[in-house]
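Q: Everything below, folded, please.
(chains A and B)
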There are 2 protein chains.
Amino acid sequence: MMNVTDFVLKGHVFYSKSLNEIACVADGYVVCLEGISAGVYADLPDEYSELPIYDFDDRLIIPGLVDLHTHAPQFAIRGLGTDLELLDWLKEQVFAEEAKFADAGYAEKAYSLFADELKRSATTRACVYGTIHVEATEILMQLLDDSGVCCMAGKVNTDRNAPNYLCEADAAISAEATRKWLHDTAGRFRNVSPIITPRFIPSCSDPLMDELSKIQKKCGVAVQSHLSENPDEIEWVRQLCPDTGNYAGAYAKHGLLGKGCPTIMAHCVYSTDEEMDILKENGVFVAHCPQSNTNLSSGIAPVRKFLDRGIHVGLGSDIAGGTSLPIFRAMTDAIQSSKLYWRMVDKEASPLSTSEAFYMATKGGGAFFGKVGSFEPGYAFDAVVLDDSSLDHPQPLSLPERLDRAIYLHDELQICCKYADGRRC
Amino acid sequence: MMNVTDFVLKGHVFYSKSLNEIACVADGYVVCLEGISAGVYADLPDEYSELPIYDFDDRLIIPGLVDLHTHAPQFAIRGLGTDLELLDWLKEQVFAEEAKFADAGYAEKAYSLFADELKRSATTRACVYGTIHVEATEILMQLLDDSGVCCMAGKVNTDRNAPNYLCEADAAISAEATRKWLHDTAGRFRNVSPIITPRFIPSCSDPLMDELSKIQKKCGVAVQSHLSENPDEIEWVRQLCPDTGNYAGAYAKHGLLGKGCPTIMAHCVYSTDEEMDILKENGVFVAHCPQSNTNLSSGIAPVRKFLDRGIHVGLGSDIAGGTSLPIFRAMTDAIQSSKLYWRMVDKEASPLSTSEAFYMATKGGGAFFGKVGSFEPGYAFDAVVLDDSSLDHPQPLSLPERLDRAIYLHDELQICCKYADGRRC
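A: Next up, the predicted model:
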């Protein structure tokens, strides 16, 4: 008995088989059964012949893209204050903007713009920061849920080193607000779940981190935060946490770094060998945000080393450190940054290939959500249909060449439609 | 007596007063008299009250952008072969594509796509490479002329180190073809003039460079070429020209580097202090092409040093080393690259500001064309009207903030219209 939501997409299908291999099936069929991929076929097997086929003809079908790190309330300040470094930028731009989300009306307006843009993009999964405000974060979650994109979204925790208007009064109050928020939103959304979100070590006292750890152990939800982004920030953490050997240790000592606690750490630009060992051992996902790392003069993360060690790596837009929401842009930025890293820092760290960037943007980041980011059988059905016919060219192009162009020239093509978790959105 | 082509644009007007200052006149008037700016006014002087006023209301008006370095025949291979370095990429991608321009039909088709895209962009001035083919280059010039964008375009010279199908037989034949081309095109176009274009030192023998120098002395046209882009290329030049102390010297010894010979040199990623001194002394314009330098793993040009020395610097898209034709993208790439250079290479080289990038994209590069790139009185009237109303935002924005957003989020706004040399195009 076929489910009414079962269907087949037809077109030129691409997906990562491994870091170094993109499978390409011309005029292929991708089968979706109960929200799960049943695989890609050059000829449609008889058992699926009764399913509705959506024929996308000469268009390109890829897995939905995954954004492992972005700040919804900063969407409105993209491109502003770009001449500043991280800590100054936080003070002068970010905090003033995030304060506005105390007003539910403003949150509704600002988050609608973010959710609309996310819906229009090729992203089907995202891990999103809100602000400290419970009401605004619930508005964000509702808007994300309505967009159809599958998200984890977090109410931010902050109880120190922030302006009064953006600082929760103490650890207990911050933790209580978090419990209320988790209670309010439990089971409320189809596409969106909560993720515990301590802003970063400088913003969270030890008692707050302990409270969050207790909450995490109780409810089992995932955690997202920032790690080793900027030299001044790292020095600050060293002063705040003199008892931990490295920045990652400041999360680990509270049990908020992987193992039983699924964790994304954004940036990791300056992770040492020792810190990378901890990330690997604890199964932490690194959200690589190359555009943000460049805009904020942070540097270039050693992604080749992460991959060589088998650390999980996905990509993040990091709005508004990054100005571009499309993960296609994060893919090309990741490649470009890795080329500069190879040229200027470490000739042992070979540049990332297009295939590797595609992997990180799909299967690499997708793994944080489970079996996500591929069309191999058993994966959640996240798909994007791209129309590159506006990308006129005088010469014949192979399908792999068309994928390369779609990635590099993404702002010149059209997204026809997308599916997240088997549903069109 | 007013000229029928005299007019006034009304809107929010921006232009560079200096590297560090962008003038902004809200609801201002820019006056065009006989193709020349008569200045920007908050209130329209009586003497211009009879002129037609085109009221662009809440839109942004900036000087036209200048692209000092791009390869028209490579437009069709944007985003292809991006995992290669310069010399391999030339062999595997560029030469095969450029060979196709022996066919006038192909040239017409491929160059039309390039000219259409240039017309749609915010660029009003460009220095463009063709191929070795005279007929195709003339087709390119005609198409550029029709686009209304003011261009210098060059038939490329190559008599060594290229595949046979893309190598002119010897210096005399290459020079003769150049003379024919200059003769054919003399006075033929309103918006387009020729520029002598030796590809780069490895492609041009000493006898060819001497011939080109004679031609240049006779006709006085400008010259464009490549300089110090990539370490392997520089080493190759060292072997080819053991008698010159640096790469720039290999042009200078033939009289093809500034002084009486207006010259653009693209890249200059690895220019030494000595080479920078020569560039400064000879009044050479550096075309900084940050996206290309990143895509081809070349490195980051020391732009802060160029500016500190008073070397002329403009920006280049360098299609298809760069994949993006918009000079807005070159502006943000220049800023981002300079931030990484500061962080990773030289803490004395402060990052470029948005103001400096805007200057380079307008007045800096524009100076190669004369008084171009500003609305100050006496400058050629090149203007672009930008509609940023699709860039929705929940908060009020100042005009400088709107300009910042327009630069960073350029692919999300609309170009309403543009004027080059006083004519709408």
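
Q: Could I get the full set of helices for the stretch 1-150 of chain A?
A: Using DSSP state H, counting those that start in this stretch, the helices of the stretch 1-150 of chain A run over A:86-89, A:95-99, A:104-120, A:134-147.

Q: how about those, which one is nearest chain B?
A: With Cβ to the nearest Cβ as the criterion, chain B lies closest to helix A:104-120 of the helices of the stretch 1-150 of chain A, at 4.0 Å. Backbone N, C-alpha and C define where each C-beta goes, glycine included.

Q: between that closest one and helix A:134-147, how many degrees?
A: 30 degrees (axes from the mean of the first three to the mean of the last three Cα atoms, to 10 degrees).

Q: List the buried residues of helix A:104-120.
A: A:106-115, A:117-119 (16 or more other Cβ atoms under 10 Å in any protein chain shown).

Q: Run through who's touching that helix.
A: A:72-73, A:75-76, A:100-101, A:126, A:133, A:135-136, A:139-140, A:143-144, A:146-149, A:319, A:325, A:415, A:425, B:392-395 (Cβ atoms under 8 Å, 6 or more residues apart in numbering or on different chains).

Q: What mean pLDDT does it get?
A: The pLDDT scores in helix A:104-120 average 98.

Q: how much distance is there from that helix to the middle of the chain?
A: Relative to its parent chain, helix A:104-120 has a centroid offset of 18 Å by Cα atoms, centre = their mean, to the nearest Å.

Q: pull the CA atoms of that helix into CSV?
A: This file holds the C-alpha atoms of helix A:104-120, laid out as CSV (Å, rounded to 0.1, in the frame of the first residue of the first chain):
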residue,chain,number,x,y,z
ALA,A,104,7.2,40.7,20.3
GLY,A,105,6.0,43.0,17.5
TYR,A,106,9.5,43.7,16.3
ALA,A,107,10.4,40.0,16.6
GLU,A,108,7.4,39.0,14.4
LYS,A,109,8.4,41.6,11.7
ALA,A,110,12.1,40.8,11.8
TYR,A,111,11.9,37.1,12.0
SER,A,112,9.3,37.0,9.2
LEU,A,113,11.9,38.4,6.9
PHE,A,114,14.5,35.8,7.9
ALA,A,115,12.0,32.9,7.6
ASP,A,116,10.8,34.1,4.2
GLU,A,117,14.4,34.3,2.9
LEU,A,118,15.2,30.9,4.4
LYS,A,119,12.2,29.4,2.7
ARG,A,120,13.3,30.9,-0.7
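
Q: And the helices of the stretch 1-150 of chain A: which comes nearest B:Leu90?
A: B:Leu90 lies closest to helix A:104-120 among these, at 37.7 Å (Cβ to Cβ).

Q: Show me which helix or strand of chain A is least confident by mean pLDDT.
A: helix A:86-89 (a mean of 88; mean pLDDT, DSSP states H and E).

Q: do that one and chain B meet?
A: No: Helix A:86-89 lies apart from chain B when judged by Cβ under 8 Å from any Cβ of the partner chain; the minimum separation is 11.4 Å.

Q: Could you do stretch A:23-36 as well?
A: No: in terms of Cβ under 8 Å from any Cβ, no part of stretch A:23-36 sits within range of chain B; the closest distance is 15.3 Å.

Q: If you average the pLDDT over that stretch, what comes out?
A: 98.

Q: Close to chain B: what parts of the stretch 201-350 of chain A are there?
A: Contacts of the stretch 201-350 of chain A with chain B, taken as Cβ under 8 Å from any Cβ, map to A:291, A:294-300, A:323, A:332, A:335-337, A:339-340, A:342-345.

Q: tell me what the helix or strand hosting A:Ser193 is packed against?
A: According to DSSP states H and E, A:Ser193 maps onto strand A:192-194. Packing partners of strand A:192-194 (3 or more Cβ pairs under 8 Å, 6 or more residues apart in numbering or on different chains; DSSP states H and E): helix A:134-147, strand A:150-154, helix A:171-185.

Q: Out of the ones you listed, indicate the one that is most buried.
A: strand A:150-154 (a mean of 27; mean count of other Cβ atoms under 10 Å in any protein chain shown).

Q: Could you identify the helix or strand that succeeds that one?
A: Following strand A:150-154 in sequence, per DSSP H and E, is strand A:156-157.

Q: could you give the mean pLDDT of that next one?
A: In the prediction, strand A:156-157 has an average pLDDT of 98.

Q: again with stretch A:42-62
A: Mean predicted lDDT for stretch A:42-62 stands at 98.

Q: swap in stretch A:389-409?
A: 96.

Q: Contact partners for the residue in the stretch 1-150 of chain A positioned nearest to chain B?
A: At 3.3 Å from chain B, A:Gly79 is the closest residue in the stretch 1-150 of chain A, using Cβ to the nearest Cβ. The neighbourhood of A:Gly79, defined by Cβ under 8 Å, 6+ apart, consists of A:320, A:323, B:404-405, B:407-409.

Q: A:Gly314 and A:Tyr359 touch, don't they?
A: No: assessed by Cβ atoms under 8 Å, A:Gly314 is found out of contact with A:Tyr359, at 9.6 Å.

Q: and these two? which has more neighbours close in?
A: Comparing A:Gly314 with A:Tyr359 by neighbour count (other Cβ atoms under 10 Å in any protein chain shown), the higher total belongs to A:Gly314, at 31 against 28.

Q: got the contact list for that one?
A: Neighbours of A:Gly314 in contact, by Cβ under 8 Å, 6+ apart: A:66, A:68, A:264, A:285-288, A:360-361, A:364-368.

Q: Need those residues in JSON lines (columns: neighbour count, secondary structure and pLDDT).
A: Shown next, in JSON lines, are the contacts of A:Gly314 (neighbours: other Cβ atoms under 10 Å in any protein chain shown; DSSP: H, G, I helix; E, B strand; the rest coil; pLDDT from 0 to 100):
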{"residue": "A:Val66", "neighbour count": "30", "secondary structure": "strand", "pLDDT": "99"}
{"residue": "A:Leu68", "neighbour count": "33", "secondary structure": "strand", "pLDDT": "98"}
{"residue": "A:Ile264", "neighbour count": "26", "secondary structure": "strand", "pLDDT": "98"}
{"residue": "A:Phe285", "neighbour count": "25", "secondary structure": "strand", "pLDDT": "98"}
{"residue": "A:Val286", "neighbour count": "30", "secondary structure": "strand", "pLDDT": "98"}
{"residue": "A:Ala287", "neighbour count": "31", "secondary structure": "strand", "pLDDT": "98"}
{"residue": "A:His288", "neighbour count": "33", "secondary structure": "strand", "pLDDT": "98"}
{"residue": "A:Met360", "neighbour count": "31", "secondary structure": "helix", "pLDDT": "98"}
{"residue": "A:Ala361", "neighbour count": "29", "secondary structure": "helix", "pLDDT": "99"}
{"residue": "A:Gly364", "neighbour count": "26", "secondary structure": "helix", "pLDDT": "98"}
{"residue": "A:Gly365", "neighbour count": "32", "secondary structure": "helix", "pLDDT": "98"}
{"residue": "A:Gly366", "neighbour count": "27", "secondary structure": "helix", "pLDDT": "98"}
{"residue": "A:Ala367", "neighbour count": "18", "secondary structure": "helix", "pLDDT": "98"}
{"residue": "A:Phe368", "neighbour count": "23", "secondary structure": "helix", "pLDDT": "98"}
